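> Any chance you can model this:
(chains A, B, C and D)
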There are 2 protein chains.
Amino acid sequence: MVSERSLEVLRVIVQDYVASQEPVGSKAIVERHSFGVSAATIRNDMAQLEEEELITAPHTSSGRVPTDKGYRVFVDQLTELRPLSPAQRQAIETFLGEAVDLDDVLSRTVRLLSQFTSQVALAQYPSFGSARVRHVEIVALGPTRLMTVLITDTGRVDQRLLDVPTTVDDEALAELRGRVNAELGGLPLADVAAKLGTLPAAFPREHPDLVHAVVASLGEQIAANRQDRLVMAGAANLARTERDFRGSIYPVLEALEEQVTMLKLFGEMEIEVDEVRASIGHEHETSGGLGETSVVATGYTTTGGGLAHLGVLGPTRMDYSNNMAAVRAVARYLTRLLGEDDR
Amino acid sequence: MVSERSLEVLRVIVQDYVASQEPVGSKAIVERHSFGVSAATIRNDMAQLEEEELITAPHTSSGRVPTDKGYRVFVDQLTELRPLSPAQRQAIETFLGEAVDLDDVLSRTVRLLSQFTSQVALAQYPSFGSARVRHVEIVALGPTRLMTVLITDTGRVDQRLLDVPTTVDDEALAELRGRVNAELGGLPLADVAAKLGTLPAAFPREHPDLVHAVVASLGEQIAANRQDRLVMAGAANLARTERDFRGSIYPVLEALEEQVTMLKLFGEMEIEVDEVRASIGHEHETSGGLGETSVVATGYTTTGGGLAHLGVLGPTRMDYSNNMAAVRAVARYLTRLLGEDDR
DNA sequence: ATTGGCAGTCGTCCGACACGAGTGCTAACC
DNA sequence: GGTTAGCACTCGTGTCGGACGACTGCCAAT
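Predicted coordinates:
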């Protein structure tokens, strides 16, 4: 078993290594921290830690570096996250408060978060979850071309084009619009798919093609939006900390562009409400190319919607304490902002 | 003056350097190309080119490398661009043809272009230009909260939230919606701003607050959309060619995230319709951090809109010939796609 | 104008070597 | 038993020198 002091030693090793980017030796520890014991004693503790595979030595004669497992223990020991600075709180309030719609809120959120953490920030659009249909709009763009716009009470707006086989009759369109809204308005999206199937029957048989095409489009729209989208900012930060990546940042950038990878990773973290979690290095090895990165993430909620993810990605050697605090604070504000009104 | 053959030598130097990433010497040139003269003669030509600052030697005893000016001469000499491969043409057709709306078209465009060129691809959303209002939607999201949705015939859909001081009356809203559409429908956006000013007067005085708030929102919406947006793909490609950047790719990634920088650069290139241009290295030195990059760009047009930009960014040492061909082909297809219908 | 030859430059590679940081171990100490 | 001082040992890093090789630039000959 590792002693109490050994865990303390692990803590300072993580801290110093994160700060300096260099392996930390026993001598440096006793110099920069008041342990009240000699370097030799620290060395004994370090031997323990190495035994437990919490730290490792890059070369025989060099300081120690935390392993992924070491970071894990370190993170699990973090009980209290220090709150953000007043200036940062202020920045959240003012910067996010100015947003004009959901896109804008999320875009500002990730920019802010990447600033606070100096990492790549990611936010998932709220999934439909228990969201309801707020309004359906059907607009004629041309004689045989329509656009359907689906607005949910989570503030999401999705448009989709469709061609209809026959010329569109303005009057019929207005009626269709009215009836679709009457039928679907307020309905949870989960129920819409089922309802859509019965919809054509409820309509006068005058324009079966039109009704059919619109229903199909709405169905597709809902299906397509099950697959969530991500918004991202601060990718440049990866290049700043380039040295942290043994090979190249190429696979990391690739994974970020391949949003599916990130969404899968978020999903695997099994985040609960108001809980900040970390996935460290090889813990998410299944996600190719991200073996040298860690993700700190949490969830936020919207009025209608379920849980959506929010977090930062950076080198395994990151400031977990600060990043977890920032992620939590931003997520909390986001939940409040998206809960208090209907955007 | 530089001789005819010297220009030919410049051409092969650019080609070989782009292919091998290594300075090219006189001996390598005579070996890999049939000039019918000896290495010494090539050396004389190279001396000429160096005199003109079209090539330079990294060290006294190493091969030569093209300067920015050398690339410029090379690019200006490119008269004919070889067409894309049938497979690539096919890819454009099928992949872009599947797009469901403007967002999707542009997102697919940049992904395709970054694949073809192995560079970062960028596309600017069509500016309003001479676009016209297709439809205005006003949706009640809550008792005192509205959303205005502006749809143009370029396929752009923009939403914006607004709070109104008094509870919204559904009937009044419907009337307002109808009148706004009657007044603004089909109007070029350039004229909308002016028209908006006179709008409130044309309405019954029953809900001045409501009318005023909606008009203000639409005004903001138009103003906000003057500033264009960019969509981007293939940033990971920068990391792949990392060696091409002396320092780090950090400033480049930063410039890419700062969309304003790229939009400004596009603007400075003064691109005409169906003309592919290149901006090489220090030619756009004003854009900080992009001194080691080149941009190959062209324009595309939409039914209603003016010219929007499309292009790729990569290391100065890029395959201009291939990239220019790819950019041109994709832009042409895009113009055709966005012109033929109303998406 | 072109060519072969040749001296000269300079970057790169390699082995040797000194240096220093840091460890692990042992024996003594409290 | 935990702690400490001391010391030998390992090993990465930086430096130096020399051999090698790739090119160039120039000159005299064609």
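
> Counting by contacts, list what the helix or strand in which residue A:213 is found packs against.
For residue A:213, the host element (DSSP states H and E) is helix A:208-226. Applying 3 or more Cβ pairs under 8 Å, 6 or more residues apart in numbering or on different chains; DSSP states H and E, one finds that helix A:208-226 contacts strand A:145-152, strand A:157-163, helix A:170-184, helix A:189-198. Where C-beta positions appear, they are placed from N, C-alpha and C, glycine not excepted.

> To DNA strand D, which of the ones you listed lies closest?
strand A:157-163 (53.0 Å; Cβ to the nearest atom of the strand).

> end-to-end on stretch A:262-273?
With Cα to Cα, to the nearest Å as the measure, stretch A:262-273 spans 19 Å from end to end.

> Can you get me a residue count around the residue of the stretch 101-250 of chain A found nearest DNA strand D?
For the stretch 101-250 of chain A, the nearest residue to DNA strand D under the criterion Cβ to the nearest atom of the strand is residue A:243, separated by 12.2 Å. Residue A:243 has 10 neighbours, counted by other Cβ atoms under 10 Å in any protein chain shown.

> That one against residue A:21, yeah?
Yes: assessed by Cβ atoms under 8 Å, residue A:243 is found in contact with residue A:21 at 6.9 Å.

> Between these two, which contacts overlap?
Residues touching both residue A:243 and residue A:21 (Cβ atoms under 8 Å, 6 or more residues apart in numbering or on different chains): there are none.

> Now do the host helix or strand of residue A:8: distance to the chain's middle.
Here residue A:8 sits within helix A:4-20, counting by DSSP H and E. Using Cα atoms, centre = their mean, to the nearest Å, the mean C-alpha position of helix A:4-20 is found 28 Å from that of the whole chain.

> export the helix or strand that comes right after that helix as CSV, just CAs?
As assigned by DSSP H and E, the chain's next helix or strand after helix A:4-20 is helix A:26-32. Extracted C-alpha coordinates of helix A:26-32, given in CSV (Å, rounded to 0.1, in the frame of the first residue of the first chain):
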residue,chain,number,x,y,z
SER,A,26,13.6,14.0,-5.5
LYS,A,27,15.9,16.9,-4.9
ALA,A,28,13.7,19.4,-6.7
ILE,A,29,10.7,18.2,-4.6
VAL,A,30,12.4,18.8,-1.2
GLU,A,31,13.6,22.2,-2.4
ARG,A,32,10.3,23.5,-3.6
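
> Quickly check: helix A:26-32 near DNA strand C or not.
Yes: among the residues of helix A:26-32, A:26-28 lie within reach of DNA strand C under Cβ under 7 Å from any atom of the strand.

> Pull the number of nearby residues for residue A:41.
Residues lying near residue A:41 (other Cβ under 10 Å) number 15.

> ranges for the helices of chain A?
Along chain A, the segments classed as helices by DSSP state H run A:4-20, A:26-32, A:39-51, A:68-77, A:86-97, A:102-117, A:170-184, A:189-198, A:208-226, A:236-240, A:250-257, A:259-268, A:320-340.

> Quick one: mean pLDDT over stretch A:242-262.
Stretch A:242-262 carries an average pLDDT of 87.

> List the contacts of the residue nearest to residue A:254 when sequence neighbours are not counted.
Using Cβ to Cβ, 6 or more residues apart in numbering or on different chains and skipping the chain neighbours, the partner closest in space to residue A:254 is residue B:236 (4.3 Å). By Cβ under 8 Å, 6+ apart, the contact set of residue B:236 is A:250, A:253-254, A:256-257.

> For residue B:71, find the nearest of the helices and strands packed on helix A:208-226.
Nearest to residue B:71 among the helices and strands packed on helix A:208-226 is strand A:157-163 (41.5 Å), distances taken as Cβ to Cβ.

> List the buried residues of the closest one.
In terms of neighbour count (16 or more other Cβ atoms under 10 Å in any protein chain shown), strand A:157-163 has its buried residues at A:157-162.

> same deal with stretch A:245-252?
A:245, A:249-252.

> same thing with stretch A:262-274?
For stretch A:262-274, burial by neighbour count (16+ other Cβ under 10 Å) applies to A:262-263, A:265-266, A:269, A:271.

> hmm, that stretch in reach of chain B?
No: judged by Cβ under 8 Å from any Cβ of the partner chain, stretch A:262-274 and chain B are separated, with a smallest distance of 13.4 Å.
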